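Participant: Show me how the following folds:
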Amino acid sequence: MAQGNKWAAMLVVIIGTFMAILDGSIVNVALPKMMAVLNTTQDQIEWVLTAYMLTLGVVMPITGFLGDRFGSKSMYLLSLTCFTVGSAFCGLAWDVNSLIAARVIQGIGGGVLTPLGMAIIYKAFDRSEIGMALGIWGISAMAAPAIGPTLGGYIVEFLNWRLIFLINVPIGVLNVMLGWFLLRESVKVQGQAFDLVGLVTSVLGFSTLLYAISNGNSEGWDAPLIVGLLMVSAICLITLVVHELEHPEPILDFRLFRNPTFTLSLFLASINAMGLFGALFMIPFFLETLRGLSAMEVGMLLFPSAIASGIAMPISGWLFDRIGPKLVVTIGLIIVTLTTYKLSTLNLVTPFSSLMWWFGFRGLGVGLSMMPASTAGMNTVHPSMINRASALSNVIRQVAAAFGVALFSTIMQQREVFHFQHSLISVQMGGAQAFETMNAYSQTLLHNGYSPAVIPALSTGGLIGLIKQQALASAITDCFMVATLILASGIIPALFLKDVRRRPGAMAAKSEGSTAAIAAE
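Facilitator: Sure thing, here's the model as predicted:
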């Protein structure tokens with residue numbers, strides 16, 4: 001792509017990526033309102049989230065093939081159109097089933113936008129500039145999950161929940177027009193053998209896996225449905241890997257894992273994804289359930305994290321282009337690990353100013369570590385394999401993020417029960433600590449005008465409520481401790497990242513030879 005068009009391509013891709021990722025988080029705060037308006041149940045309304053997430057996981061694996069076969073520009077514009085049409089149908093939905101169907105249409109477009117957008121940027125910029133380019137693009141990917149709850153809360157509270165979707169329509173139409181004039185078409189790869197087995201096994205394998213890990217905690221990990229889905233997923237994914245290693249034009253090219261730098265970078269990016277989305281899952285529980293904040297207030301409290309990530313992303317890219325990935329990623333992971341450990345010390349009286357400071361500092365670490373780790377691996381991939389590498393890396397990160405949420409959800413639930421039972425035993429409901437707590441609570445109730453006759457029962461109930469609150473708080477801090485250990489596991493491997501800022505001719509020739517050798521196998 002010509003030099004004059006690279007920043008135009010960046011603008012188009014940033015808008016598309018931001019919309020696709022935003023719609024994964026902005027909907028959460030609107031679910032209670034949708035449930036009331038559409039007169040449906042909680043189990044049904046949750047499919048508004050699940051359908052979008054599953055569709056993303058199904059579509060992402062085939063984006064590499066689609067981009068190669070039909071051209072990056074054509075597929076990107078088609079996916080933008082699909083996402084925009086789906087958004088319009090979501091905003092006009094008349095019942096929950098029509099909304100779920102519209103979310104599937106939206107997800108088909110959204111699943112293509114992120115991996116194909118990354119591939120377009122790789123083709124538009126020189127390898128010597130790719131760190132800065134992906135750092136700027138990454139602002140949209142990092143800011144969208146943080147902005148989503150705030151924007152969604154404002155729209156639901158002061159406007160109309162349908163605007164959550166309808167706001168995408170004019171932006172999507174404008175972005176399609178911009179893409180039509182500003183993007184350049186990539187070279188189309190003709191004569192590819194369509195990988196039907198890979199398509200079927202990837203669709204079944206990833207959709208069943210994502211559904212199982214997203215609903216395992218609510219359904220029960222030993223529930224027949226979850227166990228059955230995990231078994232189907234395992235069979236399909238094993239078949240997928242074996243088949244793809246033999247197919248000349250695989251949907252997902254697992255042979256890329258023979259590249260150690262690409263594999264290491266994907267491991268580090270997955271760790272970051274687990275830590276990032278796991279924290280985004282736990283923090284609202286702490287702030288809304290225990291501290292009594294509204295969804296919009298929680299979004300405002302998390303906003304410094306989004307700002308810090310947005311500032312750090314281009315800086316990390318600039319540093320990547322000048323000093324390589326090793327130092328940048330290592331420092332970023334150390335910051336994320338230390339701040340996540342600090343979040344494990346949260347309690348019910350932690351000042352909000354302290355929370356904002358640590359959230360912001362943590363966002364700085366995420367911004368420094370995430371994009372350079374991905375860029376380091378992608379820079380070792382031959383240009384002809386960029387579409388396939390982008391699809392594979394985005395699928396793995398999607399699974400890692402979903403697994404992180406499921407893991408921390410399970411830990412939080414189990415540890416809450418443990419802490420509640422432990423606290424009941426230690427207090428013993430009659431000891432000095434329990435007596436002092438109940439007496440203080442009784443005086444508060446008496447001061448607020450409650451009848452002395454009902455105060456003993458209310459005091460006991462109040463003590464149980466306090467124990468439940470503290471149990472949940474302790475469970476959340478346990479989750480942050482586990483997240484700290486997960487993030488810390490990437491610090492030493494990050495020191496082994498190679499300097500891949502520029503690829504000399506010898507490396508390019510070696511990559512071409514490796515690609516040819518892989519294709520010949």
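
Participant: pretty sure Val232 is touching Thr208, no?
Facilitator: Yes: applying CB atoms under 8 Å as the test, Val232 and Thr208 come out as touching, 4.9 Å apart. Using the backbone N, CA and C atoms, a C-beta is placed for each residue, glycine as well.

Participant: between those two, which one's more packed in?
Facilitator: The neighbour comparison of Val232 against Thr208 (other CB atoms under 10 Å) goes to Thr208, with 23 against 16.

Participant: Verify the stated contact: that one with Cys236.
Facilitator: Yes: if you go by CB under 8 Å, Thr208 and Cys236 touch, sitting 7.1 Å apart.

Participant: Now do the shared contacts for Val232 and Thr208.
Facilitator: Common contact partners of Val232 and Thr208 (CB atoms under 8 Å, 6 or more residues apart in numbering): none.

Participant: Is Gln398 in contact with Leu56, as I believe?
Facilitator: Yes: proximity of Gln398 to Leu56 meets the contact threshold set by CB under 8 Å, at 6.3 Å.

Participant: Show me what the mean pLDDT comes to for the helix or strand containing Ala400.
Facilitator: Ala400 is part of helix 386-427, with elements assigned from DSSP states H and E. Averaging pLDDT along helix 386-427 gives 75.

Participant: Gln398 and Leu56: which has the busier surroundings?
Facilitator: More crowded of Gln398 and Leu56, by other CB under 10 Å: Leu56, with 27 against 24.

Participant: Just give the closest residue to that one, not the sequence neighbours.
Facilitator: Nearest non-adjacent residue to Leu56, counting by CB to CB, 6 or more residues apart in numbering: Gly111, 4.3 Å away.

Participant: Cross-check the contact I'm expecting between the one you found and Val59.
Facilitator: Yes: if you go by CB under 8 Å, Gly111 and Val59 touch, sitting 3.0 Å apart.

Participant: ok so, going back, the inter-axis angle of the host helix or strand of the residue nearest to Leu56 versus helix 386-427?
Facilitator: For Gly111, the enclosing helix or strand under DSSP H and E is helix 96-124. Note on geometry: by axes from the mean of the first three to the mean of the last three CA atoms, to 10 degrees, helix 96-124 and helix 386-427 are set 120 degrees apart in direction.

Participant: Next SSE downstream of helix 96-124?
Facilitator: Scanning forward in sequence from helix 96-124 by DSSP H and E, the next helix or strand is helix 130-158.

Participant: Against which helices or strands is whichever strand or helix holds Leu229 packed?
Facilitator: For Leu229, the host element (DSSP H and E) is helix 224-244. Judged by 3 or more CB pairs under 8 Å, 6 or more residues apart in numbering; DSSP states H and E, helix 224-244 is in contact with helix 196-219.

Participant: Contacts only, for Met371.
Facilitator: 131, 134-135, 138, 313, 316-317, 320.

Participant: scratch that, Glu416
Facilitator: Counting by CB under 8 Å, 6+ apart, Glu416 touches 471-472, 474-475.

Participant: could you dump those to JSON lines with pLDDT?
Facilitator: Formatted as JSON lines, the contacts of Glu416 follow (pLDDT from 0 to 100):
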{"residue": "Ala471", "pLDDT": "78"}
{"residue": "Leu472", "pLDDT": "78"}
{"residue": "Ser474", "pLDDT": "81"}
{"residue": "Ala475", "pLDDT": "83"}
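
Participant: Farthest pair within these?
Facilitator: Farthest-apart pair in these is Leu472 and Ser474; separation 7.4 Å (CB to CB).

Participant: Who has more neighbours out of Gly111 and Val59?
Facilitator: Legend: neighbour count by other CB under 10 Å for Gly111 and Val59, higher for Gly111 (30 against 24).

Participant: State the distance from the more buried one to Ile105.
Facilitator: Using CB to CB, to the nearest Å, Gly111 is found at 11 Å from Ile105.

Participant: from memory Gly332 sits against Gly365, does it?
Facilitator: Yes: counting by CB under 8 Å, Gly332 touches Gly365, with 4.9 Å between them.

Participant: So for the two, which residue has more residues nearby?
Facilitator: Using other CB under 10 Å, the more surrounded residue of Gly332 and Gly365 is Gly332, with 29 against 25.

Participant: I'd like to know how far the more buried one sits from Gln44.
Facilitator: Going from Gly332 to Gln44 by CB to CB gives 41 Å.

Participant: Same check on Pro493?
Facilitator: To Gln44, Pro493 is 43 Å away according to CB to CB.

Participant: picking up where we left off before, what do Gly332 and Gly365 both touch?
Facilitator: Common contacts of Gly332 and Gly365 (CB under 8 Å, 6+ apart): Ala312.

Participant: Ile121 contacts Val13, doesn't it?
Facilitator: Yes: the pair Ile121 / Val13 is scored as a contact, 5.9 Å apart, by CB under 8 Å.
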